[in-house]
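Student: after the sequence you'll find the predicted model.
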Amino acid sequence: MLKKLKYFYEHSISMIKKKYSSSKIITLVATASAITGVGFLLTAPIPLIPGAIHWRILAFLPCVFGILFGSKTGFLSGAIGNTLWAILGGYFNAATPIFDLTGVGLTGLIPGLLVKPESCKTPTGLVRAAMISLLSGVIMVFIVAIGFEFAGAAPFWPALYMLVLSDLPPIVIGTPVVVAALLPFLEARGFLKDRW
């Protein structure tokens, strides 16, 4: 994992210079972040801890963006999208710019590093994508629960329990379903040639 993260860091700059224009990167990240933020806002109807944790039906979005468009896109869609959701929904607190940003960003980064779109063409690949996304979700709930304790938004154990309920089922179910549905469409149109 550390080797992959080192590669991710070193390879990022050269990839940007070689394959991507800054406008393409900005457009991709802005679109993915906006979809994540607005998606979280519009589909988080049930407060589990009012003002802090809501059941997020679309918690899988950063995982999907990471798998389909690359780890950096996945990380930024989760990090920026969740921050956007917190600001628009009135849930922004001291934990948001550090713990939430990092935790939710990792739900896009880890699947993006470990799962490639072409591996999701088989049922085994989709199960692997779901399990890696679940792992990233488990890491996220611990980080975010620590943040809620730090910010005084919710005690650690209730926050952890509610985050598990709100985010992990949608991540495990939604990631493989949405990746399988979008993969042929995006591949046919050439959107998956370059992942960032």
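Tutor: Arrived safely.
Student: when you work out contacts or count neighbours from here on, use the C-alpha atoms and nothing else.
Tutor: OK.
Student: any idea how far D194 is from V179?
Tutor: Going from V179 to D194 by Cα to Cα, to the nearest Å gives 17 Å.
Student: let me know whether A159 touches F148 as I believe.
Tutor: Yes: using Cα atoms under 8 Å, A159 is in contact with F148, at 7.0 Å.
Student: in this protein, which helix or strand is least confident?
Tutor: Every helix and strand in the chain was compared by mean pLDDT, DSSP states H and E; the lowest is helix 2-19, with a mean of 58.
Student: after that helix, next one along is what?
Tutor: Next helix or strand after helix 2-19 toward the C-terminus (DSSP states H and E): helix 22-42.
Student: same for that following helix, what does it pack against?
Tutor: Helices and strands touching helix 22-42, by 3 or more Cα pairs under 8 Å, 6 or more residues apart in numbering; DSSP states H and E, are helix 61-69, helix 71-89.
Student: coming back round to it: more neighbours: V179 and D194, which one.
Tutor: Neighbour count, other Cα atoms under 10 Å: between V179 and D194, V179 has more, with 24 against 12.
Student: for L68, see how far away the more buried one is.
Tutor: 7 Å.
Student: what of I139?
Tutor: In terms of Cα to Cα, I139 sits 21 Å off from L68.
Student: the more surrounded of those two?
Tutor: L68 (29 against 16).
Student: how many other residues sit next to V138?
Tutor: Residues near V138, counting by other Cα under 10 Å, number 18.
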